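**Student:** Quick one, structure for this:
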Amino acid sequence: MKSTTGLILKLALLCVVLLLGYKIYQSINEPIVYQEQFNKRKNAVVERLKLIRDAQVAYKTINNKYTGSFDTLIDFVKNGNLKVLKMEGTLTDSMLQAGMTEKEALKLGIIKRDTMYVSVKDSICKKIDPELMRKVPYVEGEEFELGAAALTTGSGLVIPVFEAKVLNKVYLRGLDEQQRINLDNEAKQLDRYPGLKVGSLEEANNNAGNWE
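**Tutor:** Residues are numbered from 1 along each chain as shown. Below is the predicted model of the structure:
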């Protein structure tokens, strides 16, 4: 009877030890797994926001403004063309020392300039389908918020601006909720947007991303 009781106690103790070991492992491993998944999602979102920025800059070179519509932006990437100035020939040091200008070199045929057109898609969107530009990576059914406006400076200068963004609670959906709440609280304390964004509708910030 004593041996049976002792065996049961040993088995129970073994179960407790295994359970404690598992909990310790989880407490150490969970933050590591979260950080890996967080970095993976953040990097993917940042790359998508950079792509949106490149598309908006290209759109502005043609239209002198940004667009707040993904339909418009994606259609432009699919079907638009950009004008590229191709220059052949250079001024040598001796030409420069002699005072020759680029304008004079053009007249003499030393330098040639040709205008050519390249597709926007081939220029900035070779790796992914332009339709994916609006989609938030790793989160089914979610899209970035996109807006465009024009700000007027104190001197009366009108500056086109745009903004693309996604909240932490959207692109981090499914990951540790408390970690996400901590991230939002940190952003709130610093008076920052609780997510990732590029550009701004409130100020001309040279289309900077808030991760930069």
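**Student:** Poorly predicted segments of this structure, please.
**Tutor:** Low-confidence segments of the chain, defined by pLDDT under 70: 1-30, 84-87, 91, 114, 116.
**Student:** Buried ones in the lengthiest strand in it, by neighbour count?
**Tutor:** Ranked by residue count under DSSP state E, the longest strand found in the chain is strand 158-167. By neighbour count with 16 or more other Cβ atoms under 10 Å, strand 158-167 contains the buried residues 160-167. Just so you know, the C-beta spots here come from the backbone N, C-alpha and C atoms, and that holds for glycine as well.
**Student:** same deal with stretch 40-47?
**Tutor:** Under 16+ other Cβ under 10 Å, the buried positions of stretch 40-47 are 41-42, 45-46.
**Student:** From residue 44, how far off is residue 159?
**Tutor:** 30 Å (Cβ to Cβ, to the nearest Å).
**Student:** swap in residue 165?
**Tutor:** For residue 165 relative to residue 44 (Cβ to Cβ), the value is 15 Å.
**Student:** picking up where we left off before, going by distance to residue 155, which of the buried residues of stretch 40-47 wins?
**Tutor:** residue 46 (33.8 Å; Cβ to Cβ).
**Student:** you'd agree that closest one is up against residue 196?
**Tutor:** Yes. Counting by Cβ atoms under 8 Å, residue 46 sits close enough to residue 196 to count as a contact (6.4 Å).
**Student:** anything in contact with each of the two?
**Tutor:** Common contacts of residue 46 and residue 196 (Cβ atoms under 8 Å, 6 or more residues apart in numbering): 209, 211.
**Student:** who touches stretch 119-126?
**Tutor:** 51, 54-55, 58, 76-82, 130, 133.
**Student:** No further questions, thank you.
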